[in-house]
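S.K.: predicted structure and sequence below. I'll ask about it afterward.
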Amino acid sequence: MKALGTFLLFLLVSFSYAQYPVILSQRDQAKVIDEILEDRLRQLLPTLMRREGFDMWVLISRENNEDPVLKTMLPATWLAARRTTMLLIVDRGAGQEFEYLAVARYDVGKVFKRAWDPDSNPDQWAQLGKLIAERKPRKIGINKAEHYGHADGLTANDYDNLVRVVPKELKGNIASAEKLAVAWLETRTEKEMTIYQQICRIAHQIIAEGFSDKVIQPGVTTTEDVVWWYREKIKELKLDTWFHTSVSIQRNEPDPITLKRPQPLVILPGDLLHVDFGITYLRLNTDTQQHAYVLKAGETDAPEYLKNAFAKGNTLQDYLTTNFKEGKTGNQILADARKQAINNGITPSIYTHPIGLHGHASGTTIGMWDMQNGVPHTGDYPMHLNTAYSIELNCSVPIAEWKKEIRIQLEEDGYFDANGFRYIDGRQRELILIPKPASNAR
């Protein structure tokens, strides 16, 4: 009986996971993360350093105050920096392999080799200065940045100590590595893109399950019930998230009435639902917004006016992504897409951001919800190939039947390379229906 009970439990667990693509064990995830990291360091980073003109990059981080860039270079089993972690990446010249050094008590993963013996030289900072002096770099990159927070991870104290130990004749070679850090964070590799589709597929399938009658009982379930179902599902699948899920409602009544109803709102037939949801898996992030419609009694589909409104959201996505072009700035893309939308009768709001190793990542910013005329600095950054974006936007659509405007708010993850733009795992093209109509419905 005990064996049968165990077998039935196995079947139950297997069934609950069967709808999702395979999710690796923690051990196997670590292997994949380290393989991707080694590929990025050895194959991608040399190209980026030479593109941006640096022959040395110095990254310094203290435990519990991690530089966001350095953290992306740590092996999977390092969840944080240890004491003071110093990494040196050195371009030794044409025809020679890059040098990866850890001014630390031990190797940092497979790539960064220990370059400090505290028993013979207890002064870690002096050792850092010695290594720099021996290599005589022409341009030393540090993570000190004005416009990108991810690239500004060097603390004031560590900067002062670095300047103190760098030889006088090399101090003038120290420069902000802002563009190099952004390039490292925004550029996706072939190995990453091989797994990214499955990560986005998992996110899409979690959304679909949450927006179904497995989770939602109209007249009983609240928006907060669905929010916390999503959070629990993420943990059940041994995934992580980088922001708290939100679920909201638009319905056929004046907005002031909806706002005055007891919160959280109970989901009712005829509601237009919206979710903003993301997961983190294998160090990559997703960010997705989709809509669902709760069928009324006797309905087998959403009303045509809601379907037509949703189609306008898809059209706005097309206006945006067809304007993607290498070298074009985010502000130029924003202006062109908005002009095209407005000329075709769509009221747009575009606030698209890079995605990858962070959710709101560094790279080409294409609008913010409160900056529709352009974003200073990050919006002036040109678009590069092999970069990923959350295509985030909304359009306001007047609905005569509801005597008000609604907003179609969409967000899907996409990728831009030499072949153009594509959605990593497709995009929502139709409203999700709750419940899914029965096959024999008339």
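M.R.: Cool, the structure landed.
S.K.: okay, strands next: where are they in the stretch 201-350 of the chain?
M.R.: Shown for the stretch 201-350 of the chain, the strands assigned by DSSP state E, counting those that start in this stretch span residues 246-250, 272-277, 280-281, 284-285, 288-294, 347-350.
S.K.: for Thr315, which of those is the nearest?
M.R.: Nearest of the strands of the stretch 201-350 of the chain to Thr315, taken as C-beta to C-beta: strand 347-350 at 9.9 Å. Yep, even glycine has a C-beta here, placed from its N, CA and C like the rest.
S.K.: show me what that closest one is packed up against.
M.R.: Contacts defined by 3 or more C-beta pairs under 8 Å, 6 or more residues apart in numbering; DSSP states H and E place strand 347-350 against helix 304-321, helix 330-343, strand 387-399.
S.K.: now do 7 Å
M.R.: For strand 347-350, the packing partners by 3 or more C-beta pairs under 7 Å, 6 or more residues apart in numbering; DSSP states H and E come out as helix 330-343, strand 387-399.
S.K.: and that strand, which strands flank it?
M.R.: Using DSSP bridges, the strands paired with strand 347-350 in its sheet are strand 387-399 (antiparallel).
S.K.: buried stuff in the helix or strand that the partner strand is followed by?
M.R.: Next helix or strand after strand 387-399 toward the C-terminus (DSSP states H and E): strand 404-417. Of the residues in strand 404-417, Ile406, Arg407, Ile408, Gln409, Leu410, Glu411, Glu412, Asp413, Gly414, Tyr415, Phe416, Asp417 count as buried by neighbour count, 16 or more other C-beta atoms under 10 Å.
S.K.: likewise stretch 426-442?
M.R.: Arg427, Gln428, Leu431, Ile432, Leu433, Ile434.
S.K.: can I assume the fifth one sits in a strand?
M.R.: Yes: secondary structure of Leu433, determined by DSSP: H, G, I helix; E, B strand; the rest coil: located in a strand.
S.K.: that one touches Tyr293, doesn't it?
M.R.: Yes: using C-beta atoms under 7 Å, Leu433 makes contact with Tyr293 at a distance of 5.9 Å.
S.K.: overlap in contacts, those two.
M.R.: In terms of C-beta atoms under 7 Å, 6 or more residues apart in numbering, Leu433 and Tyr293 are both contacted by the residues Ala302.
S.K.: the helix ranked longest in the chain versus strand 387-399: what angle between them?
M.R.: Looking across the chain with DSSP state H, the single longest helix is helix 190-210. Angle of helix 190-210 versus strand 387-399, following axes from the mean of the first three to the mean of the last three C-alpha atoms, to 10 degrees, is 30 degrees.
S.K.: give me the contacts around helix 190-210.
M.R.: For helix 190-210, the external contacting residues (C-beta under 7 Å, 6+ apart) are 19-21, 23, 36, 39, 215, 226, 229-230, 233, 275, 277-279, 281-282, 284, 286, 288, 290, 413, 415, 424-425, 432.
S.K.: and the residue nearest to the spatial centre of the chain, what does it touch?
M.R.: Nearest to the geometric centre of the chain sits Gly359, at 2.9 Å (C-alpha atoms, centre = their mean). Applying C-beta under 7 Å, 6+ apart, we find Gly359 in contact with Trp242, Phe243, Gly278, Asn285, Asp287.
S.K.: any idea of the pLDDT on the last one?
M.R.: So the one you mean is Asp287. Model confidence at Asp287, given as pLDDT, is 98.
S.K.: wait, it sits on Pro354?
M.R.: No: counting by C-beta under 7 Å, Pro354 is not a contact partner of Asp287; they are 10.3 Å apart.
S.K.: these two: which is more packed in?
M.R.: Remark: of Asp287 and Pro354, Pro354 carries more neighbours, 27 against 24, as counted by other C-beta atoms under 10 Å.
S.K.: contacts only, for that one.
M.R.: Glu186, Ala361, Ser362, Gly363, Thr364, Thr387, Ala388, Tyr389.
S.K.: just the pLDDT at the fifth one, thanks.
M.R.: You'll see Thr364 listed with a pLDDT of 98.
S.K.: and the helices and strands packed on strand 347-350, which is most packed in?
M.R.: Of all those, strand 387-399 carries the top mean neighbour count, a mean of 22, counting by mean count of other C-beta atoms under 10 Å.
S.K.: angle of it against strand 288-294?
M.R.: Using the same axes, to 10 degrees: strand 387-399 against strand 288-294 is 30 degrees.
S.K.: okay, the angle between strand 387-399 and helix 304-321?
M.R.: Going by the same axes, to 10 degrees, strand 387-399 makes 150 degrees with helix 304-321.
S.K.: hmm, who's touching strand 387-399?
M.R.: Against strand 387-399 from outside (C-beta under 7 Å, 6+ apart): 186-188, 287, 289, 305, 309, 312-313, 316-317, 320-321, 346-356, 363, 405-416.
S.K.: on that earlier part again, what's the PyMOL syntax to select whichever of the contacts of helix 190-210 are buried?
M.R.: Buried subset of the contacts of helix 190-210, written as a PyMOL selection, criterion 16+ other C-beta under 10 Å:
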select buried, resi 20+23+36+215+226+229+230+233+275+277+278+279+281+282+284+286+288+290+413+415+424+425+432
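S.K.: any chance of the strands of the stretch 201-350 of the chain in a markdown table, plus distance to Leu101?
M.R.: Formatted as a markdown table, those follow (distance: least, C-beta to C-beta, whole Å):
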| stretch | distance to Leu101 |
| --- | --- |
| strand 246-250 | 44 |
| strand 272-277 | 41 |
| strand 280-281 | 29 |
| strand 284-285 | 27 |
| strand 288-294 | 40 |
| strand 347-350 | 43 |
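S.K.: buried sites along stretch 241-248?
M.R.: Thr241, Thr245, Val247, Ser248.
S.K.: same question for stretch 345-357.
M.R.: Buried-residue list, stretch 345-357, by 16+ other C-beta under 10 Å: Ile346, Thr347, Pro348, Ser349, Ile350, Tyr351, Thr352, His353, Pro354, Ile355, Gly356, Leu357.
S.K.: what's near enough to touch the third one?
M.R.: Which is Pro348. Neighbours of Pro348 in contact, by C-beta under 7 Å, 6+ apart: Leu316, Arg338, Ala341, Ile342, Leu393, Cys395.
S.K.: cool, the fifth one as well?
M.R.: Ile350 is in contact with Leu320, Leu334, Ala337, Arg338, Ile366, Gly367, Leu393, counting by C-beta under 7 Å, 6+ apart.
S.K.: before we move on, back to that, any chance of the contacts of Gly359 in a markdown table with distance to Glu253 as columns?
M.R.: Below are the contacts of Gly359 laid out as a markdown table (distance: C-beta to C-beta, whole Å):
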| residue | distance to Glu253 |
| --- | --- |
| Trp242 | 34 |
| Phe243 | 29 |
| Gly278 | 30 |
| Asn285 | 36 |
| Asp287 | 30 |
